[in-house]
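**Student:** Test case, fold it:
(chains A and B)
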Amino acid sequence: MNGRWRLALLALAALLLAPLIWSVASALPPFGAPEAAYGPAVNALLPGARNVSNMVAAVNFDVRGIDTLGEESMLLCAVVGAVVLLRGRRGEDRGDRAGRVPGRPIVERDDATILACRIAALLVLLFGAYVALHGTVTPGGGFQGGAIAASGLLLVYPGEDYSCWRALVPGTVLTVIEGAGALIFVLAAALPLAGGHAALANILPLGTWKDLYSGGVMVVVNFAVALAVVGGFGLLLIEFMEETRAPEEDPVPDEEDR
Amino acid sequence: MTSLPWLAALPWLAAAWLFAIGVYGVVTSRHYVHLIGCLSVCQSSTYMLLLGVGFRRGAGPPIFYDHPPGTPAVDPVMQALVLTDIVVGAAVTALLLVIALQVHKRCGLVDPQRLRPLRGPK
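**Tutor:** Numbers count the residues shown, from 1 in each chain, chains lettered A, B, ... in the order given. Sure thing, here's the model as predicted:
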């Protein structure tokens, strides 16, 4: 199928769908005046019922906690799939020397770069931990804090050289962190079942409103999510880096594919 | 607002437009990395739609730290959905990039329009 046919089919589909989209868009409640009752109910009830001030975290980790568990396993599956595909023929074989293109000079890093990266990496890691730990109190949570901390891990790389980065950010530790995060979440969901409660039931003491410990089981789940996100994104970083390190054996394309 | 019905529907139409230009990019793409970027544009239309559905005029964030519970706040369920949407989207984008890398390794090409179906061993 050539490009012109594709575009013609796309135009046909757009023409058929446009009236439907228009009817849906004009039937939705007008912008700024939602009619759903779920969100306002959460806003009204949960600050008192769970002693948390961040309603988004309350929805993610308590009210719709099982949904987040499913979403967390999607994250785990995507990371595992990416890691398995990237390792592929490379297997478990990995090294800590940087990839090198023959004939290209190795430029020393500037002192200013090293200093800036060291300061920035520390601050970003600290900020990630802060955002993750205060998930139930202020805007933030495990997902956001984990992503920030993972980018802090990447910032370590331009400051140190490759082997030092790999020594500071060991893949095994990240694997353990990733697995531990998923395991803690599953345990938090399954352990209440053993006591005769519903899955993910909030049976821990709720803590005090606006406090670092508030929301009971939400604190645990938030921490688990932060671990899983740091571990997952960190593993992806390492595996993509490994990919640049081993360029020597060029792929042997199958003849029949050509 | 009622005198201009299309203005009330503008965020939904903007989301549909984002989705449409993403699909256009996917259909006409000549490079897998470009295609994955276009898919992210499609996905960002869902952020637009969800945040638009949850928005309440004159309301604050659903974080009751500075202002006490009971003050008007936007829908937290939609924000939670967008949050998980973004994180899963990032992980899936990484997975797709890996698959593109794998295609490049096996077939030596990055153009979706030139890719032929794989044949099994004879």
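
**Student:** Next, give phi and psi for residue 64.
**Tutor:** As the question left the chain open, I've gone with chain A. Dihedral pair for A:R64: phi -110, psi 40, per degrees, to the nearest 10.

**Student:** Assess the claim that it and B:A80 are in contact.
**Tutor:** Yes: A:R64 lies in contact with B:A80 (C-beta atoms under 8 Å); the separation is 6.7 Å. Quick note: C-beta positions are derived from backbone N, CA and C, even for glycine.

**Student:** which one of the two has more residues nearby?
**Tutor:** For A:R64 versus B:A80, neighbours defined as other C-beta atoms under 10 Å in any protein chain shown are more numerous around B:A80 (28 against 20).

**Student:** Verify the stated contact: A:C117 with A:G159.
**Tutor:** Yes: using C-beta under 8 Å, A:C117 is in contact with A:G159, at 3.0 Å.

**Student:** higher neighbour count, these two?
**Tutor:** Taking neighbours as other C-beta under 10 Å, A:C117 and A:G159 compare with A:G159 leading, 20 against 17.

**Student:** Just the pLDDT for the more buried one.
**Tutor:** Confidence at A:G159, expressed as pLDDT, is 85.

**Student:** do the same with B:G52
**Tutor:** 90.

**Student:** Do I have it right that it meets B:A9?
**Tutor:** No: in this structure, B:G52 is not within contact of B:A9 by C-beta under 8 Å, at 10.0 Å.

**Student:** residue boundaries of the helices in the stretch 1-150 of chain A?
**Tutor:** A:3-27, A:38-50, A:55-58, A:65-87, A:111-133, A:142-159 (DSSP state H, counting those that start in this stretch).

**Student:** and those helices as a markdown table, adding distance to B:A16?
**Tutor:** Output for the helices of the stretch 1-150 of chain A, formatted as a markdown table (distance: least, C-beta to C-beta, whole Å):
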| stretch | distance to B:A16 |
| --- | --- |
| helix A:3-27 | 5 |
| helix A:38-50 | 23 |
| helix A:55-58 | 26 |
| helix A:65-87 | 25 |
| helix A:111-133 | 33 |
| helix A:142-159 | 27 |
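
**Student:** Could you identify which of those is most buried?
**Tutor:** Among the helices of the stretch 1-150 of chain A, helix A:55-58 has the highest mean neighbour count (mean count of other C-beta atoms under 10 Å in any protein chain shown), at a mean of 30.

**Student:** That one near chain B at all?
**Tutor:** Yes: counting by C-beta under 8 Å from any C-beta of the partner chain, contacts between helix A:55-58 and chain B involve A:55-56, A:58.

**Student:** Which single one of those is nearest to A:V217?
**Tutor:** A:A58 (11.3 Å; C-beta to C-beta).

**Student:** wait, what's in contact with the closest one?
**Tutor:** A:42, A:46, A:50, A:52, A:136, A:215, A:218, B:76 (C-beta atoms under 8 Å, 6 or more residues apart in numbering or on different chains).

**Student:** In chain B, where's the longest helix?
**Tutor:** helix B:76-107 (DSSP state H).

**Student:** All good on my end, thank you.
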